[in-house]
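A.B. asks: I would like to see how this sequence folds:
(chains A and B)
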There are 2 protein chains.
Amino acid sequence: MPELPLLPEPGDPRLTRRIRGTDQTGAGTEIAVVEERPLTIYLNRQEIVTAMTIGDHPEYLALGFLRNQGMLRADDVVTGIDYDGEIETVVVRTARETSYEEKVQKKTRTSGCAVGTVFGDMMEGLEGLVLPAAELRTSWLYALAKEINTTPSLYLEAGAIHGTVLCRQDRPLVYMEDVGRHNAVDKVAGFMFRHGIGAQDKILYTTGRLTSEMVIKTALMGIPVLASRSGFTAWGVEIARQVGLTLIGRLRGQRFVCLSGEERLVRDADPSAVAEEDGRARRKAAS
Amino acid sequence: MPELPLLPEPGDPRLTRRIRGTDQTGAGTEIAVVEERPLTIYLNRQEIVTAMTIGDHPEYLALGFLRNQGMLRADDVVTGIDYDGEIETVVVRTARETSYEEKVQKKTRTSGCAVGTVFGDMMEGLEGLVLPAAELRTSWLYALAKEINTTPSLYLEAGAIHGTVLCRQDRPLVYMEDVGRHNAVDKVAGFMFRHGIGAQDKILYTTGRLTSEMVIKTALMGIPVLASRSGFTAWGVEIARQVGLTLIGRLRGQRFVCLSGEERLVRDADPSAVAEEDGRARRKAAS
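C.D. replies: Numbering: from 1, shown residues only, chains lettered A, B, ... in the order given. Predicted coordinates for the structure are as follows:
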């Protein structure tokens, strides 16, 4: 397992490109822009998906995607992961032949593509799910937000990107970024699956909105707390309350709103002692 | 055709819900949260997709989705659109039986779902495409940004939502919002298709990032200018340059960056005379 915390590498030349253009005055300008490239994921001999990604951690992305789609089971033994950067493919090999063909068929019916949601599939596994009643200290929330907002990242370097961070108490453990927030979450899931990381004492932080899809993914990963600097959707809140997921949104500076799991919050920090956040964190919001 | 401009209706009680929670001090708070509900789209007898949407303009969403996926052709005659709010379905009926079954099959192979990109399909039609060399005055850009940022919207009301606006010169014509930015674009496309609106003299404004997918959609819709308050991806820029799409990003207050189409910009506004944007526009960025 790589040493933790695993952090973004904004200096990696494969992840951004300098592009020349003009600014509002007509002057030439050169800005850092994130890369976006296809990665085709195979499970054994079956082509599953082509994801648009910045391209780091292809193995974790593939594992996490397959795991979050239910195509890899918790007890599946991965016998190999072959990444080929030339042809932009990654092949995940398992001991057990999986039921992925059936899954692929089902998705076509229930969801289709280009919408970002495999709804019929995603709701599977939610019924009866109850997450552990993990305590969440507000001092952790503030420490995490400050730490994540000031960690060197592609977000600060080039903007237009989403971040997802696996945390424990007040410490970020795995900080993944990608052009699609689904990819960033999937990379975290892939890391957890690969290294057998338990979910019950973790916090997931995301720069993205707390939509139903994000809530469902977090719940199915078994993580009891989801926090974001962004806002909520009504259905996301409903599902969080149903499964006992603590849901914190609009976490900026000293402010936040808790719409699920209030009884698990330990308010051990004085909000008025928390500094307003740096403007840099706001400026490049990925939308 | 409805009267233009067609604007958001943030007061529509179906689109937001008041949800009670707590704030950082532990005090009770009630915030407006956007709705998110499934809408299943049929083309004739074939179920195509279930989209997660706020629920307004289901007919435009269905038409635009099918059109942008290439399942409806420009010359297809729509004989009926039946929306049923009870069972959350919309059925688009056409005179011609389309080749959508084949399309649905193809998507499974080239992309899969939950990633937000139908890549194999989306690149279709780009080869040889050259958009009209439409002039873009910077005074229009500033007027549009100011007008859009101050128009009452779900974005200002509840946040956590994306907006896409079809514009002509300095005037917004159709302003659509949705939890998924693909949906907001699709609603605009549906409006254009339904009412036979020409694309060659239009500008598309989005709150979202200028990813390859967004650039491709705009190009295939035939719109020669795409502007955003958010940033770029490298591949988005490459495709914009290839098809002659004028690409403006990071449009905030007096600032913007042009990474494609500089030669079509008419710099008729003095940036230093443009006011910095209101903090409200920034605060609730959908991410």
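A.B. asks: For stretch A:66-75, buried residues please.
C.D. replies: By neighbour count with 16 or more other C-beta atoms under 10 Å in any protein chain shown, stretch A:66-75 contains the buried residues A:66, A:67, A:68, A:69, A:70, A:71, A:72. For glycine as for every other residue, the C-beta is placed from the backbone atoms N, C-alpha and C.
A.B. asks: Show the average pLDDT along that stretch.
C.D. replies: Averaged across stretch A:66-75, pLDDT comes to 90.
A.B. asks: What of stretch A:241-252?
C.D. replies: 97.
A.B. asks: same thing with stretch A:165-185?
C.D. replies: For stretch A:165-185, the per-residue pLDDT averages 95.
A.B. asks: What helices and strands are in contact with the biggest helix by length in chain A?
C.D. replies: Using DSSP state H, we find that the single longest helix of chain A is helix A:181-195. For helix A:181-195, the elements it packs on are strand A:46-53, helix A:58-68, strand A:162-168, strand A:171-178, strand A:203-206, helix A:212-220, judged by 3 or more C-beta pairs under 8 Å, 6 or more residues apart in numbering or on different chains; DSSP states H and E.
A.B. asks: Dump these to CSV, plus distance to chain B.
C.D. replies: Listed next are the helices and strands packed on helix A:181-195 as CSV, based on distance: least, C-beta to the nearest C-beta, whole Å:
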stretch, distance to chain B
strand A:46-53, 3
helix A:58-68, 8
strand A:162-168, 7
strand A:171-178, 11
strand A:203-206, 8
helix A:212-220, 6
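A.B. asks: Geometrically speaking, which residue is the centre of chain A?
C.D. replies: residue A:185 (2.2 Å; C-alpha atoms, centre = their mean).
A.B. asks: Pretty sure that one sits against residue A:64.
C.D. replies: Yes. Assessed by C-beta atoms under 8 Å, residue A:185 is found in contact with residue A:64 at 7.3 Å.
A.B. asks: what residues do the two have in common as contacts?
C.D. replies: Here residue A:185 and residue A:64 have no joint contacts, going by C-beta atoms under 8 Å, 6 or more residues apart in numbering or on different chains.
A.B. asks: Domain ranges for chain A, per the record?
C.D. replies: A:37-123, A:136-283 (automatic domain parsing).
A.B. asks: what are the ranges of the helices in chain A?
C.D. replies: A:58-68, A:100-110, A:119-123, A:138-150, A:154-158, A:181-195, A:212-220, A:234-243, A:279-283.
A.B. asks: Low-confidence regions, the stretch 151-287 of chain A specifically.
C.D. replies: A:278-287 (pLDDT under 70).
A.B. asks: can we see that at 50?
C.D. replies: Along the stretch 151-287 of chain A, the model assigns pLDDT under 50 to residues A:283-287.
A.B. asks: tell me, how many neighbours does residue A:89 end up with?
C.D. replies: Per other C-beta atoms under 10 Å in any protein chain shown, the neighbour tally for residue A:89 reads 18.
A.B. asks: nope, residue A:193 is what I was after
C.D. replies: 20.
A.B. asks: ditto for residue A:88
C.D. replies: Neighbours of residue A:88 (other C-beta under 10 Å): 15.
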